[in-house]
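In: With the sequence up front, the predicted model follows.
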Amino acid sequence: MTLLLSIIVAVIFAVGVYLLLGRELKGMAMGLFMLSHGANLGILAMSGQPVRHTPAGATPLGPPILTEATQPVDPLPQALILTAIVISFAVTAFLLTLLVATYRRAEHLGADELANDDRPTVLTGV
């Protein structure tokens, strides 16, 4: 299962980097979203299995017998992922707001066209 998650994380990162290297701002925003999702999934994959196995013959209410396979999972990575999801949501909302404002001003989202735009850089009435 860890190998499958590692492959999925690698594919998500590769797609994110490919989108970031594009010429459209929409693609760059999607690449940033993909990178944040890949990082969250990578942290989750490295944190271990979230299921606690009880040995044969032990009851769930009895005293736990902790071995290598039944160690409880550290909750810190899950807490960090929840925090990262909230921060990523805020950055996503801000970035999409900037994209809408840029499109309304320049009427295109190409990086080359925006670099060669002759309009004044001062935004008034936005």
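Out: Cool, the structure landed.
In: Am I right that residue 95 is in contact with residue 29?
Out: Yes: counting by CB atoms under 8 Å, residue 95 touches residue 29, with 5.3 Å between them. Using the backbone N, CA and C atoms, a C-beta is placed for each residue, glycine as well.
In: of these two, who's got more company?
Out: Legend: neighbour count by other CB atoms under 10 Å for residue 95 and residue 29, higher for residue 29 (19 against 15).
In: top helix in this protein by residue count?
Out: helix 76-106 (DSSP state H).
In: Can you name every helix or strand that that helix contacts?
Out: helix 25-46, helix 111-115 (3 or more CB pairs under 8 Å, 6 or more residues apart in numbering; DSSP states H and E).
In: Mind doing that once more with 7 Å?
Out: Packing contacts for helix 76-106, counted by 3 or more CB pairs under 7 Å, 6 or more residues apart in numbering; DSSP states H and E, involve helix 25-46.
In: Now the helix it packs on: buried residues?
Out: By neighbour count on 16 or more other CB atoms under 10 Å, the buried set for helix 25-46 is 25, 27-45.
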